[in-house]
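Colleague: Build me a model from this:
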Amino acid sequence: MKTLRTTYVVVGGIFIASFIYAVFILNLDQFFKMNTSGERTPAALASLTFPFTSSTTAIAAATTASVSGKKSLFYSFNVPGVLEETSTAAASPSPYWFLDSGARLLISGGTGQTIQGNLAASDPWYREYAHANSVDSDDGSHPQNIFRLLTKSLWTNAREETWFMITGDHLSASPNRTLSNGLLLMSRYQDQDTLYYAGIRVDGSAVIKKKYRGTYYTLAQTPFLAGTYHPISNPTLLPHGVWIALRADTSTNSNGSVLITLYWKQNQTSPWTRLVSATDTGAYGNTPPITTAGVTGIRTDFMDVVFRDFLVQEL
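Modeller: Model (predicted):
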């Protein structure tokens, strides 16, 4: 089974005290529970370790809060470790995250990241993806081409935001590498076939999409970056090597329709700018709005990406 290796610090030099703090105050006892049913993770990685470092400050992976009766989750990626892909949320050792696709989430230095560059041929995930999805993963070299990271907590009316930095692209021969790929926030996620997406595409447009029972519907789309996309000569218009932020607000209106609005920050000092908004009334494919609470999450396509400061909060 895949593992999440997390580093916690010894408070005041007292090992037992820090252990109790981690288990009972931070609710990290969930890390110690292993669920072996439904695993698809290579058996070669079946271990769970908790290295300790000496410091005077206890580090928490995430903070949860309730302000005016509204919950929020902020994840700062400040506890080093590795979260491996699992076949179910119950099998994930993290109390916060379920990595559904992409093989591995690497956490260090206040950031999380997809696998960067080529995966070694000796890596168990290389063999797993070469067998299970060779087309999209470039014969196992790039499992991060289809990265899907989901929260374990459920949200209905919520604001989701995070920072992204694109560090590389994979010009895969897969037919699924298209102009619709990009950086996306997911909301009202029921399963992989029913959810909302909001994000920015490699062709320089902002988009809001609905996937209902496996069929995609574009609710709204607008260009916002200059340039002309070409799959080979100009395969992405998205900024690289700089931090950008996305925010998606999803809420149910009094008439039962669902409003989704996408914003972005093009750098760390710029204000939030509204890119696109859409209301799902049920007219798209004659499919009902998705009003049931679901998980949220991050999707990236055919690229190497670094993340920081993930936030989701009730509206």
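Colleague: Show me what the helix or strand where Val312 lies packs onto, helices and strands only.
Modeller: Per DSSP states H and E, Val312 falls inside strand 303-314. Judged by 3 or more C-beta pairs under 8 Å, 6 or more residues apart in numbering; DSSP states H and E, strand 303-314 is in contact with strand 70-75, strand 111-113, strand 158-169, strand 295-301. All C-beta atoms are positioned from the backbone trio N, CA, C, and that covers glycine.
Colleague: Go through the ones you listed and name the closest to Ala283.
Modeller: strand 158-169 (23.4 Å; C-beta to C-beta).
Colleague: In this protein, where is pLDDT below threshold?
Modeller: 1-61, 64-68 (pLDDT under 70).
Colleague: Which residue ranges of the stretch 101-250 of the chain form helices?
Modeller: 124-132 (DSSP state H, counting those that start in this stretch).
Colleague: Leu149 against Tyr96, yeah?
Modeller: No: the criterion here is C-beta atoms under 8 Å, and Leu149 misses it with Tyr96 at 10.1 Å.
Colleague: These two - which one has more neighbours?
Modeller: The neighbour count for Leu149 versus Tyr96, taken as other C-beta atoms under 10 Å, is higher for Leu149 (24 against 18).
Colleague: Just give the nearest non-adjacent residue to that one, would you?
Modeller: Ile298 (4.6 Å; C-beta to C-beta, 6 or more residues apart in numbering).
Colleague: The one you found: how many residues sit nearby?
Modeller: Using other C-beta under 10 Å: Ile298 sits among 26 other residues.
Colleague: my read: it touches Met186, true?
Modeller: Yes: at 7.2 Å, Ile298 and Met186 qualify as touching, with contact defined as C-beta under 8 Å.
Colleague: So for the two, which residues contact both of them?
Modeller: Arg148 (C-beta atoms under 8 Å, 6 or more residues apart in numbering).
Colleague: Format the CA atom coordinates belonging to whichever strand or helix holds Val276 as PDB.
Modeller: Using DSSP H and E, Val276 sits within strand 273-280. The C-alpha trace of strand 273-280 is given here as PDB (Å, rounded to 0.1, in the frame of the first residue of the first chain):
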ATOM      1  CA  THR A 273     -10.000  39.400 -11.400                       C
ATOM      2  CA  ARG A 274     -13.200  37.800 -12.500                       C
ATOM      3  CA  LEU A 275     -12.700  35.800 -15.600                       C
ATOM      4  CA  VAL A 276     -16.000  34.000 -16.300                       C
ATOM      5  CA  SER A 277     -19.300  33.100 -14.700                       C
ATOM      6  CA  ALA A 278     -22.000  30.600 -15.500                       C
ATOM      7  CA  THR A 279     -25.400  29.500 -14.100                       C
ATOM      8  CA  ASP A 280     -26.400  25.900 -14.500                       C
END
